[in-house]
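> got a predicted structure here, sequence first:
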Amino acid sequence: MNSEQIDTAPLEPALYLFPVPLSSGPTDLVLPEHNIRFLMQVKHFIVENIRSARRFIKLCDRSIDINTLSFVELNRHTNPLDIPSMLDPLTAGEPMGVISEAGCPAIADPGADVVALAQRKGLKVVPLVGPSSILMGLMGSGFNGQSFAFAGYLPIDRDARNATLRTFRQRIEREAQTQIFIETPYRNNKLIAELAEALPSTLRLCVAADITGPTESIITRPIADWRKAKYDYSKTPAIFLLYR
C-alpha cells in the first residue's frame, strides 16, 4: 500500500496523537499533510483545552465542521476517575484523537495518562509526526544527543532547585548526559540569572526559544558568557539545556 492509499483509506480504530505547532505560522511548515487528512476523519477528541483545540482544527482545515465533533478535556484539573470513560468511542470502534496545547501529545503533557490507559487496554496508539521542543532544542544545541534527560519544570523552592542543579551537574560529569528542562516564560530571565550564579563557569547552557517561530533563537554559551550577556526571554516559550 502506497502513501496515497494510506491517506485516503478510512482510519482504523486507534488513538491518534496529533502534534500541534509550537508557534504561530502556517501549519504546513511543521505538520505533514497526512496529519490533516487523518484529522479530518476523526470525530472524537481528548484535548488539553477545548477552545485552543477547536482553533487548531480550524487552522488545519476550515472546511471541518467543528459542531459535528465531540471534545473532552484532559488536563491538570481532571479527576483521574473520569479518564477511563474518555476512551468509550474508541472501544466502540471509532478512531479518536489526542491534542495538547503545543508540541507532541503525551510528552510533558497530561495526554500521557490516557495513552497509558489505552496501552493497558490493548488499544492501538498511533503517534503522528510533528514538532517537539525537547528534540528540536537538543538537535540545535550541539549537546550529547545519545544520552539526555528531560526534567520538566525545576522546583520553585530555592533549596530544592539548587539540589536539582547539583544532580544535573553530577549526571553531566559522570554520565555525559545532557540535562533538559523548562520554565514559564515570565520566569525565563530569572532562571538564566540563577543558573549563571549557581553553576560552574565552564558548563554550557543552551536557550532554545520560539522554536519554529518567526523569532526562533537557539544559543549555546558557557555559563561565564551568560553572566555578562544581554537577553530578554520574558515573553517567549523556551527550553533550556545543560552540558559540559
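The structure has been received and is ready for your questions. Just so it is clear, the structure is predicted and the values come from calculations on it, not from any experiment.
> could I get the contacting residues of the most centrally placed residue in the chain?
Per CA atoms, centre = their mean, the C-alpha nearest to the average position across the chain is that of G103, at 3.8 Å. Taking CB atoms under 8 Å, 6 or more residues apart in numbering, we find G103 in contact with 19-20, 22, 109, 130-134. From N, CA and C alone the C-beta is placed, and that goes for glycine too.
> so which two of the residues you listed are the farthest from each other?
V20 and I134 (14.4 Å; CB to CB).
> those two: which has the busier surroundings?
Taking neighbours as other CB atoms under 10 Å, V20 and I134 compare with V20 leading, 25 against 20.
> so that one touches I107, yeah?
No: assessed by CB atoms under 8 Å, V20 is found out of contact with I107, at 11.4 Å.
> near the nearest residue to G145 once chain neighbours are set aside, how many other residues are there?
Nearest non-adjacent residue to G145, counting by CB to CB, 6 or more residues apart in numbering: L138, 5.6 Å away. Neighbourhood size, L138 [other CB under 10 Å]: 22.
> so where's this structure shaky on pLDDT?
1-8 (pLDDT under 70).
> so which residues make contact with the longest helix anywhere in it?
Counting residues, the longest helix found in the chain (DSSP state H) is helix 158-175. The contact list for helix 158-175 (CB under 8 Å, 6+ apart) reads 147, 149, 151, 154-155, 177-179, 194-195, 198-200, 203, 242-244.
> I figured L154 hits F181, correct?
Yes: judged on CB under 8 Å, L154 makes contact with F181 at a distance of 5.6 Å.
> before we move on, back to that, show me the contacts for the residue nearest to G145.
Counting by CB under 8 Å, 6+ apart, L138 makes contact with 145, 148, 178, 180, 241.
> and it, that's in a strand?
No: per DSSP: H, G, I helix; E, B strand; the rest coil, L138 lies outside any strand segment and is helix.
> can you start the count at 6 instead of 1 from here on
Renumbered: residue one is now 6, and that last one reads L143.
> so how far is A213 from it?
Taking CB to CB, to the nearest Å as the measure, L143 falls 8 Å from A213.
> so what sits against both of those two?
Common neighbours of L143 and A213 are listed as L246 (criterion: CB under 8 Å, 6+ apart).
> re earlier: filter the contacts of G108 down to the ones in helices?
Per DSSP H, helices hold the following members of these: 138-139.
> can you give me the helices in this structure?
Residue ranges of the helices in the chain, as given by DSSP H, are 8-13, 38-44, 55-65, 88-91, 93-96, 116-125, 138-146, 163-180, 193-203, 228-233.
> dump the ones you listed to a markdown table, plus distance to V103.
Below are these laid out as a markdown table (distance: least, CB to CB, whole Å):
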| stretch | distance to V103 |
| --- | --- |
| helix 8-13 | 20 |
| helix 38-44 | 11 |
| helix 55-65 | 10 |
| helix 88-91 | 10 |
| helix 93-96 | 11 |
| helix 116-125 | 5 |
| helix 138-146 | 17 |
| helix 163-180 | 29 |
| helix 193-203 | 28 |
| helix 228-233 | 37 |
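> and of these, who's closest to A19?
Proximity to A19, assessed across the helices of the chain by CB to CB, is greatest for helix 93-96 (7.5 Å).
> if you count neighbours, what's buried in that closest one?
Using 16 or more other CB atoms under 10 Å as the test for burial, helix 93-96 gives 94-95.
> what's the answer for stretch 214-233, then?
So, applying 16+ other CB under 10 Å, buried residues of stretch 214-233: 214-218, 223, 225, 228, 231.
> quick one: end-to-end distance for that stretch.
19 Å (CA to CA, to the nearest Å).
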